[in-house]
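# Pasting a predicted model and its sequence here:
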Amino acid sequence: MQPTLATDRLILRPFHLSDAEEVQRLAGDFRVAEPTANVPHPYADGAAEEWIATHAKSFESRSSIVYAVSLIGSGRLAGAIALSQISTTHSRAELGYWIGFEYWAQGICSEAARGMIQYASNELGLTRIDCRCLARNNGSARVMEKAGFLREGHLVKHVNHRGQYEDILVCGLTLPARSNPATTE
Ligand SMILES: CC(C)(COP(=O)(O)OP(=O)(O)OC[C@H]1O[C@@H](n2cnc3c(N)ncnc32)[C@H](O)[C@@H]1OP(=O)(O)O)[C@@H](O)C(=O)NCCC(=O)NCCS
């Protein structure tokens, strides 16, 4: 079972189908979707339900682990954070996230990232986390920097992002190895 994680102000928990309407509202905001590689825009009816329905299987196979970022106290959903492309062979995964516009600039993503990094290190035994964003995505770059990621590369015109060729910032975080390595694939 996917564990629930707690940080000072947040609960990171699995998504429920009952979150779908709020996911569609938050991720359906173009300001949230635009810089991401995976959030569609417009965000169609039913897309959130479909996305949430994939999470249990992905967790079972440890291919990706998705968490709802919710606020302690109110329980309100603020965003999503995930480890994807989890590899046992290389003990690494890729970190991705989005936070609803009304919750920006309150340190929520940074706090969620710290929680996920701890989980990745302590529970999954990962020794490296990759994270990449559009080079112009200053908010995401700052989240990575604050979480301790190193800037490792700048890929020029690397992606066709919503019709424009754009540069990508590549960041990496190494974590201490533990004696019994990861059991995820
Ligand atoms: C990027 C994003 C996740 C940041 O979430 P957040 O909860 O607002 O981030 P935090 O509050 O933890 O901010 C971390 C730092 O980034 C800074 N920051 C946030 N947005 C910024 C922006 N647009 N430009 C410059 N700095 C920004 C904050 O000021 C803070 O730095 P500080 O502590 O030195 O003041 C959020 O803006 C978002 O969801 N954007 C759209 C989706 C997206 O870009 N996802 C990542 C795709 S790779």
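Looks like it arrived, so ask away. Numbers count the residues shown, from 1 in each chain.
# Contact partners for whichever residue of the chain sits closest to the ligand?
Proximity of the chain to the ligand (Cβ to the nearest ligand atom) peaks at Gly139, 2.8 Å away. Quick note: C-beta positions are derived from backbone N, CA and C, even for glycine. Neighbouring residues of Gly139 by Cβ atoms under 8 Å, 6 or more residues apart in numbering: 104, 109.
# Helix, strand, or coil at it?
helix (DSSP: H, G, I helix; E, B strand; the rest coil).
# ok, now Tyr119?
From three-state DSSP, the assignment for Tyr119 is helix.
# Show me where this structure has its strands.
Here the chain has its strands, by DSSP state E, at 5-6, 10-13, 65-71, 77-87, 92-99, 128-134, 150-161, 164-174.
# Quick check: which ranges of this protein have low pLDDT?
Along the chain, the parts satisfying pLDDT under 70 run over 179-185.
# Show me which residues of the protein sit near the ligand.
Contacts of the chain with the ligand, taken as Cβ under 6 Å from any ligand atom, map to 32, 35-36, 97-99, 104-110, 133, 137-140, 142-143, 146.
# of these, buried ones?
Buried by 16 or more other Cβ atoms under 10 Å: 32, 35-36, 97-99, 108-110, 133, 137, 140, 143, out of the residues of the chain next to the ligand.
# from these, which two are the most distant?
Greatest spatial distance in those: Thr36 and Ser110, 17.5 Å, computed using Cβ to Cβ.
# Count the residues that sit near the nearest residue to Ala113 once chain neighbours are set aside.
Computed as Cβ to Cβ, 6 or more residues apart in numbering, the closest residue to Ala113 that is not its neighbour in sequence is Ala147, at 4.5 Å. Using other Cβ atoms under 10 Å, Ala147 has 20 other residues around it.
# Leu155 too?
Using other Cβ under 10 Å, Leu155 is surrounded by 13 other residues.
# go on, Ser91?
The local packing of Ser91 (other Cβ under 10 Å) involves 20 other residues.
# ditto for the one 3 residues further on
Other residues lying near Glu94 total 16 when counted by other Cβ under 10 Å.
# and the spatially closest residue to Ala82 that is not a sequence neighbour, what does it touch?
Leaving out its chain neighbours, the residue that sits closest to Ala82 by Cβ to Cβ, 6+ apart is Val66, at 4.2 Å. By Cβ under 8 Å, 6+ apart, the residues touching Val66 are 14-15, 55, 58-59, 80-82.
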